[in-house]
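Student: Got a sequence here, can you build the structure:
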Amino acid sequence: CVTRLRLVLKDDDKVDKDRMSNNDVVKGQCKADNQYQIVIGPGTVDEVYKQFIQETGVSEASKDDAKAAAAKKGNPIQRLIKLLGDIFIPILPAIVTAGLLMGINNLLTMEGLFGPKPLVEQFPQLGDISNIINVIASTAFIFLPALIGWSSMRVFGGSQILGLVLGLILMNPQLVSQYDIAKGHIPTWDILGLEIKQLNYQGQVLPILLAAYVLAQIEKFLNKFVHDSIKMLVVGPVALLITGFLA
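Tutor: Model prediction:
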């Protein structure tokens, strides 16, 4: 990168740290994210990198290549944590924003905070403002499966728009909301004698993660065998149809 030479080594114990520290070019060294990072400084690191490539004969690699190689080096727990991080970090701004707005709305609607009555009752003109804030704040959580579907497909190597649509399918308003289960009978589909409850997954995480992984694998499989001329007509509909039935 700009200041560091990043190495993904098979055996970090073979690094001679003392000789490294005594090198005037090296400003520091550390191990992070399964990479051995040598701090050199801007400008100089480019020259060291070129010389390193010439001396070792290894192929050139970008920062992303190093991260990918480091990810493969980690144990299963580390790889799982990185996978979840890659999925959820891009959607964190939406979740954090929604949480902050919900906090503001709670200030307007909570009893006993600014008196015996909430602010929206003390000042009725704040009622509609509170409703608008609530709509904005709750949207990210209501449509969380769609956000996760979009981000998951980016990580799993599939089409992001299909992941977004899959998330929307799982929370289709025609399906019974989890919040309405206690209100009465849950309708079911009869698929060749197999009864499937018509439930949506509004606000849930695990179902869309699993469904997005399956969708990505089906899409990649179809892309290998379907001719380019009909991919747009076949891959997306078939992948979504199969995943929709499985989900």
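
Student: Could you spell out which stretches of this protein belong to which domain?
Tutor: The chain breaks down into these domains under the TED database: 4-73, 86-246.

Student: What's the mean pLDDT across the last one?
Tutor: Going back to what we said before, that points to domain 86-246. The pLDDT scores in domain 86-246 average 88.

Student: Report pLDDT for Leu83.
Tutor: For Leu83, pLDDT reads 86.

Student: Can you report how many residues lie near it?
Tutor: 16 (other Cβ atoms under 10 Å). Placement of C-beta: from N, CA and C, glycine included.

Student: I'd assumed Val155 was in contact with it.
Tutor: Yes - counting by Cβ atoms under 8 Å, Leu83 touches Val155, with 6.6 Å between them.

Student: mind listing the helices for this structure?
Tutor: With DSSP state H as the criterion, the chain has helices at 17-21, 44-56, 63-73, 76-88, 92-109, 119-122, 127-142, 144-156, 160-169, 206-225, 231-246.

Student: Nearest to Asp33, out of these?
Tutor: helix 63-73 (5.5 Å; Cβ to Cβ).

Student: Check the model's average confidence along the closest one for me.
Tutor: 61.

Student: Return the residues in contact with the most centrally placed residue in the chain.
Tutor: Among the residues of the chain, the one closest to the centroid is Ile87, at 1.3 Å (Cα atoms, centre = their mean). Contacts for Ile87 (Cβ atoms under 8 Å, 6 or more residues apart in numbering) come out as 148, 151-152, 155, 209.

Student: Just the buried residues from those, in PyMOL please.
Tutor: With 16 or more other Cβ atoms under 10 Å as the criterion, this PyMOL line picks the buried residues out of the contacts of Ile87:
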select buried, resi 148+151+152+155+209
